[in-house]
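Student: Pasting a predicted model and its sequence here:
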Amino acid sequence: MPKEKYNFFDDVFEVAKLIPKGRVTTYGAIAVYLGTRISARMVGWAINAAATEKDVPAHRVVNRAGLLTGKHHFGGNIMQNLLEGENIKIENDKVRNFTELFWDPSKELNI
DNA sequence: CCCCTGACGGGCG
DNA sequence: TCGCCCGCCAGGG
């Protein structure tokens, strides 16, 4: 508990909360926003833990292809259901109009 | 210390 | 867009 080794966990956690409703982002975009020092894989690892322990809209985070890679971890079609509840169309486990719905933190937040 | 795995991404064809 | 290969970093056995 004295050691805060999960610093980047919290970083991903904050960024994920900033994702606007009805928008999606990618693991790589978050990694770049945090400084590239962490790989996109670590972002997925972190967001997984964050979503489990915190209330993070992890369903708005998909891979670069717009594929709902984490849907299996949500269980059933929970992830797809949440996205469709935000007017995001899902087709064949992929986000429809992904490029338009894509929300880049380092571009939109400009930090 | 070594090896494998993982919600990934980029390059190439 | 898809398939294949490689680099990325941390954790578990």
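Tutor: Yep, that arrived.
Student: In chain A, mark out all the helices, start to finish.
Tutor: A:7-17, A:27-34, A:40-53, A:71-74, A:78-84, A:98-101, A:105-108 (DSSP state H).
Student: tell me the contacts of the residue most central in space within chain A?
Tutor: Among the residues of chain A, the one closest to the centroid is A:Val61, at 2.4 Å (CA atoms, centre = their mean). By CB atoms under 8 Å, 6 or more residues apart in numbering, the contact set of A:Val61 is A:Ala16, A:Ile19, A:Val24, A:Thr25, A:Thr26, A:Tyr27, A:Ile30, A:Val43, A:Ile47, A:Gly70. Heads up, the C-betas are built off the backbone N, CA and C, glycines and all.
Student: Check it and give its pLDDT.
Tutor: Per-residue pLDDT puts A:Val61 at 96.
Student: ditto for A:Glu108
Tutor: 91.
Student: Report how many residues lie close to it.
Tutor: As a burial measure, A:Glu108 scores 16 neighbours (other CB atoms under 10 Å).
Student: Show the backbone phi and psi for A:Asn63.
Tutor: Backbone geometry at A:Asn63, expressed as degrees, to the nearest 10, gives phi -80, psi -180.
Student: list the contacts for it?
Tutor: By CB under 8 Å, 6+ apart, the neighbours of A:Asn63 are A:Thr26, A:Tyr27, A:Thr69.
Student: sorry, back to before: and DNA strand B, which of the contacts of A:Val61 reach it?
Tutor: A:Thr26, A:Tyr27, A:Val43, A:Ile47, A:Gly70 (CB under 7 Å from any atom of the strand).
Student: What is the burial count for the last one?
Tutor: Using other CB under 10 Å as the criterion, A:Gly70 is surrounded by 18 other residues.
Student: excluding its backbone neighbours, what's nearest it?
Tutor: Excluding the flanking residues, the one nearest A:Gly70 by CB to CB, 6 or more residues apart in numbering is A:Met79, at 6.3 Å.
Student: and that neighbour, what pLDDT?
Tutor: 94.
Student: Verify the stated contact: it with A:Leu67.
Tutor: No. Applying CB atoms under 8 Å as the test, A:Met79 and A:Leu67 come out as separate, 11.0 Å apart.
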